[in-house]
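>>> coords please:
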Amino acid sequence: MYYIFSILALLCWSGSDLFSKMGTRERDKNSHWKVVFAVGFIMGLHFFITLIGGAIIDNTVGVDGVHKIVSSLFYTDFKLMDFVYYLPIAALYIFAMVLGYIGLRYIELSISSPICNSSGALAFILCVIFGLASTDDITISTIIGISMITIGIVALGFVEQREDDEVKKARQEKANRKYTKSILAFLLPISYLIIDALGTVGDEFLFSDWFIGKTQIELSDYAANSAFELTFFILAIFAFIWVKFVKRENIFKGNTTLYWGGLCETIGQVFYMAVMFSDFSAGMVIISAYCAISVLWSRIFLKEKMSWKHYVVIAMVIAGIVILG
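Residues are numbered from 1 along each chain as shown. Predicted structure coming up:
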């Protein structure tokens with residue numbers, strides 16, 4: 001069952017990549033806010049569903065009396081102070097995602113998705129440096145995985161920047177997308193990688209034995225996820241006000257794909273939590289490879305075509321993510 005949930009999380013998150021990219025327009029300077037609204041709106045709905053479900057479950061059978069799958073769908077023990085405790089970490093994750101949404105205007109999904117999803121490698125290194133992960137966790141596989149990701153990302157930058165402008169233009173015309181060669185385009189997914197990794201480090205610190213022993217903060221995984229969804233929902237409200245009343249654009253018209261993206265992002269998170277709460281450790285390896293499916297979708301549906309050099313280094317990055325997972 002959890003194998004199926006792992007596959008569903010993989011498909012949903014890769015679908016979120018695809019739909020967010022499809023709903024993004026290169027000339028739309030507010031496209032990232034429209035994505036934020038779509039994702040935050042759907043996450044907000046799930047937050048309120050779990051809030052109601054949590055009250056019902058607590059007052060009837062209790063969380064231990066329901067299946068983990070049901071809990072991941074309909075339960076939370078969220079309290080208002082949990083929002084305050086988790087806000088800095090949620091802000092890091094969401095800021096990274098916003099940068100990723102901006103990057104969709106400037107670079108192919110085939111390139112940005114593998115870079116963004118390499119944040120786990122940097123997070124692991126930072127956790128080791130800050131003492132949040134044991135050096136015993138550093139195995140040959142870990143070293144190989146991190147090395148492949150690092151080399152692949154650096155190589156991808158060289159390939160992207162040294163590609164002939166005419167060759168780049170010719171292959172982008174087939175996808176009906178035109179991107180200018182710029183350092184900014186490549187730095188946006190890199191920034192996502194760094195900031196998302198810092199969010200992971202914050203998560204590890206918040207749930208570490210040292211921190212729990214020094215404070216009275218009690219925060220469950222359910223509450224942390226709810227705090228994240230509530231933070232995203234609040235940002236979605238800001239995005240709506242900004243686009244609708246400041247920029248005077250119709251935030252709903254012609255953006256149905258973005259809401260499919262928001263739905264995929266939220267459902268993927270639900271299945272991810274179901275797997276995380278299980279003892280099916282292989283599920284995390286499966287889910288970590290979702291950027292490979294994103295690259296596949298970008299080739300099939302977006303008609304993105306890379307050079308053979310792109311595909312070699314992208315394959316290296318994806319393989320490193322799987323090995324690290």
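>>> for the rest of this, base every contact and every neighbour count on C-alpha atoms.
Will do.
>>> which stretches of the stretch 101-250 of the chain form strands?
For the stretch 101-250 of the chain, no strands are identified by DSSP state E, counting those that start in this stretch.
>>> low-confidence stretches in it?
Counting by pLDDT under 70, the stretch 101-250 of the chain shows low-confidence ranges at 163-182.
>>> kindly recompute the last result at 80.
133-137, 157-158, 160-184, 210, 213, 216 (pLDDT under 80).
>>> what are the ranges of the helices in it?
Secondary structure of the stretch 101-250 of the chain, counting by DSSP state H, counting those that start in this stretch: helices at 109-116, 119-129, 140-162, 165-173, 183-206, 209-214, 221-241.
>>> now the nearest residue to Phe41 once chain neighbours are set aside: how far from Gln216?
Once flanking residues are discounted, Phe41 sits nearest to Phe233: 5.7 Å by C-alpha to C-alpha, 6 or more residues apart in numbering. Phe233 sits 27 Å away from Gln216, going by C-alpha to C-alpha, to the nearest Å.
>>> which one's more surrounded, the two?
Between Phe233 and Gln216, counted using other C-alpha atoms under 10 Å, the more crowded position is Phe233 (23 against 8).
>>> ok, now how distant is the more buried one from Gly262?
11 Å.
>>> so is Pro51 in a helix, a strand, or just coil?
Check again: residue 51 is Leu, not Pro. The three-state label given to Leu51 by DSSP: H, G, I helix; E, B strand; the rest coil is helix.
>>> I meant Lys303, not that one.
Secondary structure assignment for Lys303 (three-state DSSP): coil.
>>> what's the burial count for it?
Residues near Lys303, counting by other C-alpha under 10 Å: 17.
>>> what are the phi and psi values at it?
The phi and psi values for Lys303, taken as degrees, to the nearest 10, are phi 60, psi 30.
>>> now it: how far from Ser110?
Lys303 is 10 Å from Ser110, by C-alpha to C-alpha.
>>> for Ser14, see how far away Gly268 is.
Taken as C-alpha to C-alpha, the span from Gly268 to Ser14 is 9 Å.
>>> please disregard the earlier target; I meant Asp64.
Taken as C-alpha to C-alpha, the span from Asp64 to Ser14 is 32 Å.
>>> repeat that for Met97.
14 Å.
>>> could you do Ile107 as well?
Taking C-alpha to C-alpha, one finds Ile107 at 17 Å from Ser14.
>>> can you pick out the residue with more neighbours from these two?
Neighbour count, other C-alpha under 10 Å: between Ile107 and Ser14, Ser14 has more, with 28 against 25.
>>> contacts only, for the more buried one.
Shown in contact with Ser14 (C-alpha atoms under 8 Å, 6 or more residues apart in numbering): Tyr290, Cys291, Ile293, Ser294, Trp297.
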